[in-house]
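K.L.:
make a model of this:
(chains A and B)
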Amino acid sequence: MDKKLYLYNTLSRKKEEFKPINPGRVGMYVCGPTVYGDAHLGHGRPAITFDLLFRYLQHLDYKVRYVRNITDVGHLTDDGDQGEDKIGKKAKLEQLEPMEVVQRYKLRYQRNMSQLNVLSPSIEPTASGHIIEQIETIKAILDAGYAYESRGSVYFDVEKYAKDHDYGKLSGRKIEDLYSTTRELDGQQEKRSSLDFALWKNASPEHIMRWPSPWGDGFPGWHTECTAMSCKYLGSQFDIHGGGMDLLFPHHEAEIAQSVAAHGHETVNYWMHNNLVTINGQKMGKSLGNFINLDELFEGTHKLLERPYGPMTIRFFILQAHYRSPLDFSNEALQAAEKGMDRLMKATALVSALKASDESTVDVSSLQEKCYAAMNDDLNSPILIAHLFDGVKMINSINDGKASINAADLKILQDLYQQFVYDILGLQGEQQSNESSSDAMDDVMQLLLTLRQDAKTNKDWSTADKIRDELKAMGIEVKDTKDGATWELKN
RNA sequence: GGUCGGUUGGCCGAGUGGCUAGGCAGUGGUCUGCAAAACCAUGUACGGCGGUUCGAAUCCGCCACCGACCUCCA
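P.N.:
You can find the predicted model right below:
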């Protein structure tokens, strides 16, 4: 059985066998959110993608240090000097101190992630908490001669860097092409070249978020924090760096350049990028008005949504597509995912109640191998889920007495579903228990079901149906099974 | 315009040079007083045109369309 884990490395555009720098340990860094607004679908996908990786690496017994940053220093809304910073803008709009904005949205982001059952990273550093480290990084780049100071700002000298190194190797861009496609923006007169990017930005007097530095009051450039913080917590050489595909250029390209300039070598072994999310086939964008926040999704309040979708439905839906493929959200697709997940979760719950027989008519080991093979092939969660659905048939057949399983196989099967469904995919029952339910409620329902059973025994169908129909109208569904009736609260 | 990626059955979404992906919906069946639920079974597919090949939806070329990035974005 092939136990090697293969991951797609954006740098080589190939799947590569994953080999950690230090045996048994993995360092991974993922670009987190800028906290100036509610978390939306676009934040959910990378969080879940790299949560899957985090969980799987741990399942493989790696000790993982997972760093996901919080960007809270207020980068500019455009690349020119005149642009307002995003957090400062939001602060003015809402009449809040910028750090109040940051605090509010950071907490909301973390709550949403926890609803999606995304595990907390090992470290969640903020850019504002690492101004000193960023200044040190900038100094190192200046010392190496790949940056210059200009009117209180510090810029990275892309042209000089490109002479000595390959600028564009990650995104596949050529520097001569970049010249012809870079727009002229305000404030570019202080740069030597339009390709140069800010490492430190001088703060205009009205700019709220500002810190002192050797070059005057200002704030760090967009790309600086990841270089500084990944190095601080993972070292100048680490295993995996992840993020959305939209960050490939310029963000990650700039990170590579900064690291090489500051440390003299590249720092990341595997670059991983998740694909983006579309809504009804359209790019999700603020201007298109189809940005769906996670809260809106969970509550069904967005105008594009027919009804609410639970966090686990969203999680399952995202995992049902491969992380490097684009993913399209639609009501139809979400409802299909919800039903499918329901079936998987019911079978997963059922597997622990199965009874062992003397012999097995099912091939559990082969199922297990296929599950690992799927995950080892660049985290192919859709294939994994397909195999788990094959297992659902197996489980149901055993439960129906149409197949049998011996004790040893049953143990494997139970562990398999525990590990892959709960631990690795990170799925859990949508409503753990009915919150509005209580012991008294259970007793009342038991009474009603007993009364209905009595009516059925007396062939009093109208009473039996009345109980069933009226309960249904209240949102309680009665299900008749061989072993008697059960009930379920529907939202 | 440049770079990169995609185009799969009613919908979503994998994968592969010849052998069923999977889910949802649909259809048939089992169960049921009826129904629902549950379970079982099941079909039409690989954008267009050429080429390579014994054989391609899978490889190559051209075309069309879509998308991403090139500017803040996950």
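K.L.:
in stretch A:257-270, which residues are buried?
P.N.:
For stretch A:257-270, the neighbour count (16 or more other CB atoms under 10 Å) marks A:257-263, A:266-270 as buried. C-betas here are computed from N, CA, C, even on glycine.
K.L.:
farthest pair within these?
P.N.:
Across the buried residues of stretch A:257-270, no pair lies farther apart than A:261 and A:270, at 21.1 Å, counting by CB to CB.
K.L.:
ok, and the closest non-adjacent residue to whichever residue of the stretch 101-250 of chain A sits closest to RNA strand B?
P.N.:
Nearest residue of the stretch 101-250 of chain A to RNA strand B (CB to the nearest atom of the strand) works out as residue A:244 at 2.1 Å. The spatial neighbour of residue A:244 that comes closest, neighbours along the chain excluded (CB to CB, 6 or more residues apart in numbering), is residue A:46 at 5.2 Å.
K.L.:
that neighbour: neighbour count?
P.N.:
29 (other CB atoms under 10 Å).
K.L.:
residues touching it, list them.
P.N.:
Applying CB atoms under 8 Å, 6 or more residues apart in numbering, we find residue A:46 in contact with A:30-31, A:242-244, A:274.
K.L.:
what's the neighbour count on residue A:386?
P.N.:
When counting by other CB under 10 Å, one arrives at 14 neighbours for residue A:386.
K.L.:
host element of it?
P.N.:
Using DSSP states H and E, residue A:386 falls within helix A:381-399.
K.L.:
which other helices and strands does that helix contact?
P.N.:
In this structure, helix A:381-399 packs against helix A:311-319, helix A:331-351, helix A:364-376, helix A:407-417, with contacts taken as 3 or more CB pairs under 8 Å, 6 or more residues apart in numbering; DSSP states H and E.
K.L.:
JSON lines for the ones you listed, including distance to RNA strand B and mean pLDDT?
P.N.:
Formatted as JSON lines, the helices and strands packed on helix A:381-399 follow (distance: least, CB to the nearest atom of the strand, whole Å; pLDDT from 0 to 100):
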{"stretch": "helix A:311-319", "distance to RNA strand B": "7", "mean pLDDT": "94"}
{"stretch": "helix A:331-351", "distance to RNA strand B": "2", "mean pLDDT": "91"}
{"stretch": "helix A:364-376", "distance to RNA strand B": "8", "mean pLDDT": "93"}
{"stretch": "helix A:407-417", "distance to RNA strand B": "14", "mean pLDDT": "94"}
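K.L.:
most tightly surrounded among those helices?
P.N.:
Greatest average neighbour count among the helices and strands packed on helix A:381-399 goes to helix A:311-319 (a mean of 23), per mean count of other CB atoms under 10 Å.
K.L.:
that one versus helix A:381-399: what angle between them?
P.N.:
120 degrees (axes from the mean of the first three to the mean of the last three CA atoms, to 10 degrees).
K.L.:
quick one: residues in contact with helix A:311-319.
P.N.:
Outside helix A:311-319, the residues within contact range by CB under 8 Å, 6+ apart are A:41, A:44-45, A:48-49, A:52, A:115-117, A:294, A:297-298, A:309, A:327, A:329, A:333-334, A:337-338, A:340-341, A:344, A:381-382, A:385, A:425-430.
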